[in-house]
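A.B. asks: here is my input; please provide its structure:
(one chain, ligands or ions: 2)
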Amino acid sequence: MRYLTFALGKGRLAKKTLELFEKIGITCEEMKDPDSRKLIFVNEELKLKFFLSKGPDVPTYVEYGAADIGVVGKDTILEEQRKLYEVLDLGFGKCRMCVCGPAGARKLLKHQELIRVATKYPNIAKDYFYNQKHQTVEIIKLNGSIELAPIVGLSEVIVDIVETGSTLRENGLEVLEEICPLSARVVVNQVSMKMENERIARILTDLKSVI
Ligand SMILES: Nc1ncnc2c1ncn2[C@@H]1O[C@H](COP(=O)(O)OP(=O)(O)OP(=O)(O)O)[C@@H](O)[C@H]1O
Ligand SMILES: O=P(O)(O)OC[C@H]1O[C@H](OP(=O)(O)OP(=O)(O)O)[C@H](O)[C@@H]1O
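C.D. replies: Numbers count the residues shown, from 1 in each chain. Ligands and ions are numbered 1, 2, ... in the order given. Model (predicted):
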């Protein structure tokens, strides 16, 4: 039997993902060591391998078949636009993709003005403004602390993740429009889905029974 390989994002979703796998009897003790710098872990008995990558790289590993299965946020799936199957909503990592800014920016959106949009998610922002709202905007790609952009005058609004809303509140910003709800999803390589259908289907059934 060949190894089934799982790609997990090493950020916020990792702990809950491992807890969920543990509930269905898939454990990888080694992965829980917070001091470890090791990136790939093997469970010989179950013939499974797990590796930790940057979240946005999970869909890449899965598309190319370097991983059979991945767990990643819906935001990353939408942004990366990789060829894969999204098969299960795990129901954790819940948050929303939103257009945010100071209250005063509301009228700029309403009047479809040519505004600047700062974001870590340029593809999601483009799709929302160009295809859904038919509003021409300038997209400015940032890599983090997106809420800074409207405060320092880099952009009028941002497209970013909102979970509790604390970051917005503490910076005098608010949700202006909601783009879509987000949560952690299981993704599967398109060839693995056929070649390893039985094993993958069993894992998905087990996961569904505990979420
Ligand atoms: N408050 C939140 N902020 C950001 N992401 C969240 C939040 N709540 C849940 N998530 C989900 O967790 C996923 C992982 O987020 P995390 O911040 O750990 O890594 P990342 O932003 O993908 O990568 P990095 O921070 O290393 O650039 C996100 O893609 C999103 O789906
Ligand atoms: O609604 P809240 O609960 O405040 O969470 C949302 C914030 O958390 C994320 O940032 P993160 O901590 O990943 O830092 P980053 O902006 O540097 O990526 C996200 O980009 C928001 O800034």
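A.B. asks: remind me, longest helix of the protein?
C.D. replies: For the chain, the longest helix by residue count, based on DSSP state H, is helix 197-210.
A.B. asks: what's the mean pLDDT across that helix?
C.D. replies: Average pLDDT, helix 197-210: 96.
A.B. asks: what's next to it, contact-wise?
C.D. replies: 4, 20, 23-26, 68-69, 87-88, 90, 186, 188, 192-193 (Cβ atoms under 8 Å, 6 or more residues apart in numbering). Placement of C-beta: from N, CA and C, glycine included.
A.B. asks: between these, which sits nearest ligand 2?
C.D. replies: residue 90 (18.7 Å; Cβ to the nearest ligand atom).
A.B. asks: wait, what's in contact with that closest one?
C.D. replies: If you count contacts by Cβ under 8 Å, 6+ apart, then residue 90 has 16-17, 20, 71, 183-186, 207, 211 around it.
A.B. asks: near ligand 2, which residues of this protein?
C.D. replies: 144-147, 160-167 (Cβ under 6 Å from any ligand atom).
A.B. asks: near ligand 1, from those residues?
C.D. replies: Filtering these for proximity to ligand 1 by Cβ under 6 Å from any ligand atom leaves 161, 163.
A.B. asks: buried subset of the residues of the chain next to ligand 2?
C.D. replies: 146-147, 160-162, 167 (16 or more other Cβ atoms under 10 Å).
A.B. asks: check which residues of the helix-or-strand element of the chain with minimal mean pLDDT are buried.
C.D. replies: When each helix and strand of the chain is scored by mean pLDDT, DSSP states H and E, strand 40-43 comes last, with a mean of 91. Residues 41, 43 are the ones in strand 40-43 that count as buried (16+ other Cβ under 10 Å).
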